[in-house]
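Enquirer: Need a 3D model of the sequence below.
(chains A, B, C and D)
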There are 2 protein chains.
Amino acid sequence: MNAPALTKNQSLVFDVLTKSDGPLSAYTILDRLRDSGFRAPLQVYRALDKLLEHGMVHRLESLNAFVACAHPQSSCCTGHGHGTVAFAICDSCGQVIEFHDHEVDHRLGDWARGRKFRPAKTTIEIRGLCEACAA
Amino acid sequence: MNAPALTKNQSLVFDVLTKSDGPLSAYTILDRLRDSGFRAPLQVYRALDKLLEHGMVHRLESLNAFVACAHPQSSCCTGHGHGTVAFAICDSCGQVIEFHDHEVDHRLGDWARGRKFRPAKTTIEIRGLCEACAA
DNA sequence: ATGCGGGTGTAATGTTATTACATCAATTGC
DNA sequence: GCAATTGATGTAATAACATTACACCCGCAT
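Expert: Residues are numbered from 1 along each chain as shown, chains lettered A, B, ... in the order given. This next block holds a predicted model:
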């Protein structure tokens, strides 16, 4: 899944996320794009759906918010097998660290195989305090 | 954290969740408790907050819904260290399988230590198809 | 009896996400 | 050329999920 051409709305939404230093809610994105002509939530959600499909954006379930993928160039997001990304989210400063752990991925895969469960999408989110905020 | 005495509202909410065969949204719980005198969402959310604190109920972030803990008796939920529970959620039939994997837990703990990130709550949810539905 | 903490009841509001319907643009096949 | 199809868009309305604010009540320790 290589980077596809983005439509105008998709580009606008992706740019806002890329330029943000933290996760944004759909409605925050909407507000930031009012000047670019956005009027309704659906415009944001539609763009986000496509960006999520392409692996360019992640949804943080525990926050109901979205971030640009931190590893955009590589095979990370949708590439050769190691598809699951994990997040550490600082409850104090809002910083999000995206990472991947083969071992965890493999382990959960094993569990699924053992149960004959067919995974479609896996969410891993650690809420807590980052080094700076925990001090 | 042993089972504390529940208040009336907490018991009502817990009973509804226990009797349900799948996750329930807060508003579904509210509807089921109308006859018991519930009138407002807050009554449900307040009870859920306490039940979550006590580890008797889990929140499924990717579903905005709640389930009774599947391992109520044991040390599972809040006991000696292995605090993180994972869920496999069937997108077809809605069934939820709650499980724990020491390896995954340990691995994420290591990652956090390496980054000096202090975890407060970890969410692991696998969305997909259960054996019956995948067939 | 007074003050305090925790639980409760109610209303209003805030936040997140979807449905429904109309339009527009690019592509395909005839 | 021109329908038919497909995918993106615009707009309005509504649904679904969650919180804030305020008042009251009760048990209990001072």
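Enquirer: in chain A, which spans are helices?
Expert: Remark: helices assigned in chain A by DSSP state H are A:8-19, A:26-32, A:41-53, A:102-115, A:131-134.
Enquirer: Any residue of the last one touching chain B?
Expert: Yes - Helix A:131-134 reaches chain B (Cβ under 8 Å from any Cβ of the partner chain) through A:131, A:134. C-beta coordinates here come from the backbone N, C-alpha and C atoms, glycine included.
Enquirer: what does the fourth one give?
Expert: Yes - applying Cβ under 8 Å from any Cβ, one finds helix A:102-115 touching chain B at A:103-104, A:107-108, A:111-112, A:115.
Enquirer: pull the CA atoms of that helix into CSV?
Expert: Only the C-alpha atoms of helix A:102-115 are listed here, as CSV (Å, rounded to 0.1, in the frame of the first residue of the first chain):
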residue,chain,number,x,y,z
HIS,A,102,7.5,-7.5,17.2
GLU,A,103,7.4,-9.6,20.3
VAL,A,104,4.0,-8.3,21.4
ASP,A,105,2.6,-8.5,17.9
HIS,A,106,3.8,-12.0,17.5
ARG,A,107,2.5,-13.0,20.9
LEU,A,108,-1.0,-11.6,20.2
GLY,A,109,-0.9,-13.3,16.8
ASP,A,110,-0.2,-16.6,18.5
TRP,A,111,-3.1,-16.1,20.9
ALA,A,112,-5.4,-15.4,18.0
ARG,A,113,-4.2,-18.5,16.1
GLY,A,114,-4.7,-20.6,19.1
ARG,A,115,-8.3,-19.4,19.4
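Enquirer: Run the angle between that helix and helix B:102-115 for me.
Expert: Orientation of helix A:102-115 against helix B:102-115 (axes from the mean of the first three to the mean of the last three Cα atoms, to 10 degrees) gives an angle of 160 degrees.
Enquirer: who's in contact with helix A:102-115?
Expert: By Cβ atoms under 8 Å, 6 or more residues apart in numbering or on different chains, the surrounding residues in contact with helix A:102-115 are A:82-84, A:86, A:117-119, A:122, A:124, B:86, B:88, B:97, B:99, B:101, B:103-104, B:107-108, B:124, B:126, B:128, B:130-131.
Enquirer: Then stretch A:8-25?
Expert: By Cβ under 8 Å, 6+ apart, stretch A:8-25 touches A:6, A:29, A:32-33, A:36, A:38, A:43-44, A:46-48, A:50-51, A:56-57, A:60, A:63-68, A:89, A:94-96.
Enquirer: make it 6 Å
Expert: Stretch A:8-25 has contacts (Cβ atoms under 6 Å, 6 or more residues apart in numbering or on different chains) with A:29, A:32-33, A:36, A:43, A:47, A:50-51, A:60, A:63, A:65, A:67-68, A:94, A:96.
Enquirer: Am I right that A:Val44 is in contact with A:Arg32?
Expert: No - counting by Cβ atoms under 6 Å, A:Val44 sits too far from A:Arg32 to count as a contact (9.7 Å).
Enquirer: Those two: which is more packed in?
Expert: In terms of neighbours (other Cβ atoms under 10 Å in any protein chain shown), A:Val44 is the more surrounded of A:Val44 and A:Arg32; the figures are 25 against 19.
Enquirer: Contact partners for that one?
Expert: Taking Cβ under 6 Å, 6+ apart, one finds A:26, A:29-30 in contact with A:Val44.
Enquirer: rerun at 7 Å
Expert: Counting by Cβ atoms under 7 Å, 6 or more residues apart in numbering or on different chains, A:Val44 touches A:13, A:26, A:29-30, A:38.
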